[in-house]
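S.K.: Here is a sequence together with a model predicted from it:
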Amino acid sequence: MREIQYVEAKANGPFEVSTLTIDNVDSGDFKMVFFHQNGTPTATGKIPVKASAATLKSKIETWFSKNLGTGVTVERWIYSANGTDLNGNETAQDPVTNATLWTKSVYNITLNEYISSKSTSNMMATVSGSSATVAA
């Protein structure tokens, strides 16, 4: 009788995280542009400047799935002009109760799996109809 053994190794470290910061939050829109390692750019559809974590995820996850074979987790934090955390780590279902004080959003985009290389060579955002500034 022949015995076959299988071994599975899992890395024990953090997944890749990208941060997207939006200052001067208003009612405009922006688009994310991802540059794959081969230099090819891909733009998302319009994303509201005040997008929930779930909305941002729905706009970007297809790119990560198609190009890298992994999904993403998106978290959003919102802040006032003086840096006060207005809503903590806001999930898609939580209402933003301090909308009039909200001036900054910070999104963490985390890969759900390890990949063999960096996910993007560059990521940027273009703003339309907004005074917001978006830094990726």
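M.R.: Received, thanks.
S.K.: Look at Ser65 and give its secondary structure.
M.R.: Of the three states, Ser65 takes helix under DSSP: H, G, I helix; E, B strand; the rest coil.
S.K.: Asn108 now?
M.R.: strand.
S.K.: Bridged to it, which residues?
M.R.: Counting by DSSP bridges, Asn108 forms beta bridges with Thr19, Glu75.
S.K.: Give the buried residues for stretch 24-34.
M.R.: 25-26, 28-34 (16 or more other CB atoms under 10 Å). Where you see a C-beta, it was placed from the backbone N, CA and C, and this is true even at glycine.
S.K.: so what pLDDT did the nearest residue to Tyr107 once chain neighbours are set aside get?
M.R.: Nearest-residue entry for Tyr107: Leu20, 4.3 Å, with adjacent residues in sequence omitted and distances by CB to CB, 6 or more residues apart in numbering. Confidence at Leu20, expressed as pLDDT, is 91.
S.K.: gap between Leu20 and Ile78?
M.R.: Using CB to CB, to the nearest Å, we find Leu20 at a distance of 13 Å from Ile78.
S.K.: Next, show the common contact partners of these two.
M.R.: Residues touching both Leu20 and Ile78 (CB atoms under 8 Å, 6 or more residues apart in numbering): Val106.
S.K.: Give me the pLDDT value at the most centrally placed residue in the chain.
M.R.: The centroid of the chain falls nearest to Ile109 when counting by CA atoms, centre = their mean (3.4 Å). What the model reports as pLDDT for Ile109 is 92.
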